[in-house]
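In: Quick check, what structure comes out for this input:
(chains A and B)
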There are 2 protein chains.
Amino acid sequence: MNRKELFSNIKSKKSFLCIGLDTELKKIPTHLQVYDDPVYEFNRQIIDATKDLCVAYKLNLAFYESLGSDGLLAFEKTLKHIPENIFTIADAKRGDIGNTSRMYADTFFDYYNVNAVTVAPYMGEDSVKPFLDYPGKFTIVLALTSNDGSKDFQTITDGKEMVFEKVIRKVSEWGNPDNVMFVAGATRNEYLKRVREIAPEHFLLIPGVGAQGGDLHTVARYCMTDYCGILVNSSRQIIYASSGKNFAEAAREQAKILQQQMEVLLERI
Amino acid sequence: MNRKELFSNIKSKKSFLCIGLDTELKKIPTHLQVYDDPVYEFNRQIIDATKDLCVAYKLNLAFYESLGSDGLLAFEKTLKHIPENIFTIADAKRGDIGNTSRMYADTFFDYYNVNAVTVAPYMGEDSVKPFLDYPGKFTIVLALTSNDGSKDFQTITDGKEMVFEKVIRKVSEWGNPDNVMFVAGATRNEYLKRVREIAPEHFLLIPGVGAQGGDLHTVARYCMTDYCGILVNSSRQIIYASSGKNFAEAAREQAKILQQQMEVLLERI
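Out: Below is the predicted model of the structure:
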């Protein structure tokens, strides 16, 4: 899926919502635990209940890897259940020396065939570039993350620019808005505007709205562009809205609340 | 395994060699391809041929993940085949927001029961700390990596210290030499001395000797301490020493060359 198609989906669905399938076995409603693969069954029902309200699903590998090879099967089955026209993100935060990054890129783009993978920039150019060689795929580079620890190294400055600014500037030189997006946390309002200034054309993946305290309207004010330009992720607030038999319906309600707010915001463009 | 036991193994084996099992299906000798699990069979034979010459094995997840759930089974079986008294490192370079890093830590320390896991520091304190809570386990934090891209962000300076120096200093405050090690690439000689100054007590995991061009004697001169304090990794140079039926024997020969050099260096302490 290219940038134009993603924007087209955003317009037709009136949503720039990305739902994070951070599915933990112990948080799944008890009535699903009898299934052979409760994680997949949970995801399947969440997807069926929300697929008309979101344009992307993000699967964080940590939750699937924690179940070993069974978890990776659940990851794979979940991806196959997501409709073709919904953008899929493997939230893996990978990054290694060149030949090893290429292995990761092959894994996610070829083997699992996701639309995008998140990448950590600490190891620099040769750790990021191998991901950029897959036509029609997106590399989503961590720039400014939503967690407290983002203050430790991402905002170190050499007097001219901060580390996250340099990451955005350099990665923008290695790739382009058709194969690169950036992660910019909704909890760091003071810097969101700056992110958009350095990357005026790139889509931003914005976590931190909801459970982590970020605000949708602020994010939109600072980062929305004429082609939307943002995917706002919500995970726990949606998928764990209820721990009862109505979990999928409750997830739909939460997703609907966000989608309706997004619909209003999208009327501007 | 604690730091004292690791040093004891180094002394008795006269080696501080870590062998990287970066096993790629397409690089495995053709006569092994008939096995149900060629990756495991390759690793098994390499381990049997080298286990008296090294004190650690490092398995880079990229190579196992590329085969999906089958790859993770090979990873798991390989770990089980490594003798109890050899230090095991999952080279995963993970790091995420707090609750997600905890999932990764559980996966590697509890589920796979490795002695150590590599962690990328970009996301800061709450992404690293969850890994530090496992008694007897080590978190190996990327400080100064061996690849070209290490120049992009790791050496940015605020005028007082570079990013990799700040990473070492801060992580040393969060943990201690009994649960933290650092990655310091053998290819960055100009900074290796500085790494040892900031982290006088920590073990360093040193990649980049061999295929990447680093020199064992320089590394030892700058970084060896009274308790050795370094694990030097070699991957491709050892495991792909031959692509024929004699691959395990050839790997042993390469490992033996490094071990003998290390034996001489260890006589100083």
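
In: For residue A:237, grab the count of nearby residues.
Out: 18 (other C-beta atoms under 10 Å in any protein chain shown). Backbone N, C-alpha and C define where each C-beta goes, glycine included.

In: Residue B:96 versus the closest residue to it other than its chain neighbours, what's the distance?
Out: Nearest non-adjacent residue to residue A:237, counting by C-beta to C-beta, 6 or more residues apart in numbering or on different chains: residue A:210, 3.8 Å away. For residue A:210, the distance to residue B:96 equals 17 Å [C-beta to C-beta, to the nearest Å].

In: swap in residue A:8?
Out: 31 Å.

In: before we move on, what about residue A:208?
Out: 13 Å.

In: Over to residue A:109?
Out: To residue B:96, residue A:109 is 20 Å away according to C-beta to C-beta.

In: what about residue A:91, is that helix, strand or coil?
Out: strand (DSSP: H, G, I helix; E, B strand; the rest coil).

In: follow-up on the earlier one: quick one: pLDDT of the residue nearest to residue A:237?
Out: Looking at residue A:210, its pLDDT reads 74.

In: Could I get the full set of strands for the stretch 51-200 of chain A?
Out: A:56-60, A:87-94, A:116-119, A:138-144, A:180-184 (DSSP state E, counting those that start in this stretch).

In: Kindly reformat the ones you listed as TSV containing mean neighbour count.
Out: Formatted as TSV, these follow (neighbours: other C-beta atoms under 10 Å in any protein chain shown):
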stretch	mean neighbour count
strand A:56-60	25
strand A:87-94	25
strand A:116-119	26
strand A:138-144	27
strand A:180-184	26
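
In: In a markdown table, list those strands along with distance to residue A:244 and mean pLDDT.
Out: Output for those, formatted as a markdown table (distance: least, C-beta to C-beta, whole Å; pLDDT from 0 to 100):
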| stretch | distance to residue A:244 | mean pLDDT |
| --- | --- | --- |
| strand A:56-60 | 23 | 98 |
| strand A:87-94 | 27 | 98 |
| strand A:116-119 | 32 | 98 |
| strand A:138-144 | 34 | 98 |
| strand A:180-184 | 33 | 98 |
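
In: Same list, these, but as CSV with distance to residue B:75 please.
Out: Listed next are those as CSV, based on distance: least, C-beta to C-beta, whole Å:
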stretch, distance to residue B:75
strand A:56-60, 20
strand A:87-94, 16
strand A:116-119, 20
strand A:138-144, 25
strand A:180-184, 28
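
In: the more surrounded of residue A:109 and residue B:96?
Out: residue B:96 (27 against 22).

In: Let's see the pLDDT reported for the more buried one.
Out: pLDDT, residue B:96: 97.

In: in the sheet, who's paired with the spatially most central residue of chain A?
Out: In chain A, the residue lying closest to the centroid (C-alpha atoms, centre = their mean) is residue A:58, at 4.8 Å. Counting by DSSP bridges, residue A:58 forms beta bridges with residue A:20, residue A:89.

In: burial count for residue A:36?
Out: Neighbour count of residue A:36, defined by other C-beta under 10 Å: 7.

In: Tell me how far it lies from residue A:21.
Out: Applying C-beta to C-beta to residue A:36 and residue A:21 gives a distance of 18 Å.

In: same thing with residue A:241?
Out: Relative to residue A:21, residue A:241 is positioned 14 Å away (C-beta to C-beta).

In: And these two? Which one has more around it.
Out: Between residue A:241 and residue A:21, counted using other C-beta under 10 Å, residue A:21 has the larger neighbour count: 27 against 20.

In: Return the set of buried residues in the top helix by length along chain A.
Out: The residue-count maximum for a helix in chain A (DSSP state H) belongs to helix A:247-266. Within helix A:247-266, the residues that qualify as buried are A:247-248, A:250-252, A:254-256, A:258-259, A:261-262, A:265-266, counting by 16 or more other C-beta atoms under 10 Å in any protein chain shown.

In: Now render the residues you listed as CSV, adding pLDDT and distance to chain B.
Out: Listed next are the buried residues of helix A:247-266 as CSV, based on pLDDT from 0 to 100; distance: C-beta to the nearest C-beta, whole Å:
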residue, pLDDT, distance to chain B
A:247, 98, 19
A:248, 98, 23
A:250, 98, 21
A:251, 98, 19
A:252, 98, 24
A:254, 97, 19
A:255, 97, 21
A:256, 98, 25
A:258, 96, 20
A:259, 97, 24
A:261, 96, 23
A:262, 97, 23
A:265, 97, 25
A:266, 97, 28
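
In: re earlier: I'd guessed the residue nearest to the centre of chain A sits against residue A:18; true?
Out: Yes - between residue A:58 and residue A:18 there is a contact at 5.3 Å, judged by C-beta atoms under 8 Å.

In: Overlap of the contact sets of those two?
Out: Counting by C-beta atoms under 8 Å, 6 or more residues apart in numbering or on different chains, the contacts common to residue A:58 and residue A:18 are A:89, A:205, A:233.

In: Make sure the last one is indeed in a helix.
Out: Right, residue A:233. No - assigned with three-state DSSP, residue A:233 falls outside any helix and is strand.

In: What count of nearby residues applies to residue A:219?
Out: Neighbours of residue A:219 using other C-beta under 10 Å come to 23.

In: Oops, could you answer that again for residue A:217 instead?
Out: 11.

In: can you check residue A:133 too?
Out: Residue A:133: 13 surrounding residues under other C-beta under 10 Å.

In: what's it in contact with, if anything?
Out: Residue A:133 neighbours (C-beta under 8 Å, 6+ apart): residue A:105.

In: swap in residue A:201?
Out: By C-beta under 8 Å, 6+ apart, the neighbours of residue A:201 are A:177, A:225, A:229.

In: And the pLDDT for the nearest residue to the first one once chain neighbours are set aside?
Out: Same thing as residue A:177. Leaving aside its sequence neighbours, residue A:177 sits nearest to residue A:201 (C-beta to C-beta, 6+ apart; 4.0 Å). At residue A:201 the predicted local confidence, pLDDT, stands at 97.

In: What of the one 3 residues further on?
Out: Reading off the confidence values, residue A:204 has pLDDT 98.

In: neighbouring contacts of the helix or strand containing it?
Out: Residue A:204 belongs to strand A:203-206 when elements are defined using DSSP states H and E. For strand A:203-206, contacts defined as C-beta under 8 Å, 6+ apart pick out A:3, A:6, A:18, A:58, A:89, A:118, A:138, A:140, A:177, A:181-186, A:195-196, A:214, A:219, A:223, A:229-233.

In: make it 7 Å
Out: A:3, A:18, A:140, A:181-184, A:186, A:195, A:219, A:223, A:229-233 (C-beta atoms under 7 Å, 6 or more residues apart in numbering or on different chains).
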